[in-house]
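Trainee: Have a look; sequence and predicted model below, questions after that.
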Amino acid sequence: MRPRSAGRRFRLLPSLDLLGGRVVRLRGGDPDTATVYATDPEAAAAGWSSEGADVLHVVDLDAALGLGSNDTDVHRVVVAARQRRTCCEVAGGVRDEAMVRAWLGRGAFRVVLGTGLLADPLLAPRLIAAHGPESIVAAIDVRDGVAMGDGWRPGAAGVPALEAIARLSEAGIATFEVTAIARDGTMDGPDLRLLTALRDAAPRATLIASGGIRGVADLLAVRDAGCGGAILGRALYEGAITLRDARAALDA
């Protein structure tokens with residue numbers, strides 16, 4: 001199943017970040033800052049689907065942070081969304097070919113990887129050869145100019161972000177989700193300088209912006225910076241923006 005928005009140039013991706021089976025938002029990836037927004041992930045997915053989400057961005061935070069797994073809940077969200085003809089991408093703790101193959105087989109539209117792609121230079125071309133570029137997304141999660149893996153754990157090794165996106169683009173990755181870690185969950189505004197720099201490093205790729213988005217003006221700004229979509233979290237859950245208003249402004 002393809003996204004209902006297959007012809008759109010800019011996609012809106014509501015984020016469902018699952019921690020302990022609940023939909024939460026963190027600040028800067030710190031689990032101690034979790035704000036709970038829903039205890040029923042399937043209902044939350046149904047709500048964003050009914051409002052016109054292009055793709056649901058479903059993250060298993062427990063798996064990403066090495067705290068456990070929300071495997072069953074993530075799968076339920078994928079199934080519930082497909083019943084409403086909305087695609088899901090699955091992220092969080094997906095680090096190898098077997099997990100990618102499993103999630104695509106369980107109905108995910110595409111799978112997002114960060115740590116695995118940064119650690120193994122040969123993983124990206126293998127995944128692209130096996131599944132095609134539309135099924136694989138690279139997460140470029142940036143702190144101080146470095147693309148981080150390992151659930152953004154402080155002290156974890158990383159790769160310079162410009163080097164990472166250029167290398168992965170050459171390996172066949174066509175879609176990148178770029179998160180400014182310091183702005184994730186803060187509603188402090190997107191890091192337009194970062195997005196522009198990475199846009200220039202991979203001019204043929206699609207960039208999805210994540211982190212800091214506060215409202216429609218920020219969506220227009222990241223679109224004008226060359227991004228093809230945005231992941232929306234706290235701003236949606238706190239009512240600072242609606243999908244309908246966002247789509248109306250973008251289409252205008």
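Mentor: Here it is on my side, so go on. Numbers count the residues shown, from 1 in each chain.
Trainee: With adjacent residues omitted, what lies nearest to Ser169?
Mentor: Ala202 (4.0 Å; Cβ to Cβ, 6 or more residues apart in numbering). Yep, even glycine has a C-beta here, placed from its N, CA and C like the rest.
Trainee: Now do the contacts for that neighbour.
Mentor: Ile165, Ala166, Leu168, Ser169, Phe176 (Cβ atoms under 8 Å, 6 or more residues apart in numbering).
Trainee: ok, 10 Å please
Mentor: 138, 140, 162, 164-170, 173-174, 176, 178 (Cβ atoms under 10 Å, 6 or more residues apart in numbering).
Trainee: What of Gly132?
Mentor: Arg110, Gly172, Ala174.
Trainee: Ramachandran coordinates for the last one?
Mentor: Comment: the main-chain dihedrals of Ala174 come out as phi -110, psi -10, following degrees, to the nearest 10.
Trainee: Met99 sits in which helix or strand?
Mentor: helix 97-105 (DSSP states H and E).
Trainee: How much space separates Asn70 from Ala124?
Mentor: Separation of Asn70 from Ala124 (Cβ to Cβ, to the nearest Å): 26 Å.
Trainee: Likewise for Arg153?
Mentor: 22 Å.
Trainee: which one of these two has more residues nearby?
Mentor: A side-by-side neighbour count of Arg153 and Ala124, using other Cβ atoms under 10 Å, places Ala124 first with 23 against 13.
Trainee: among the contacts of Ala202, which are in strands?
Mentor: Ala138, Ile140, Phe176, Val178 (DSSP state E).
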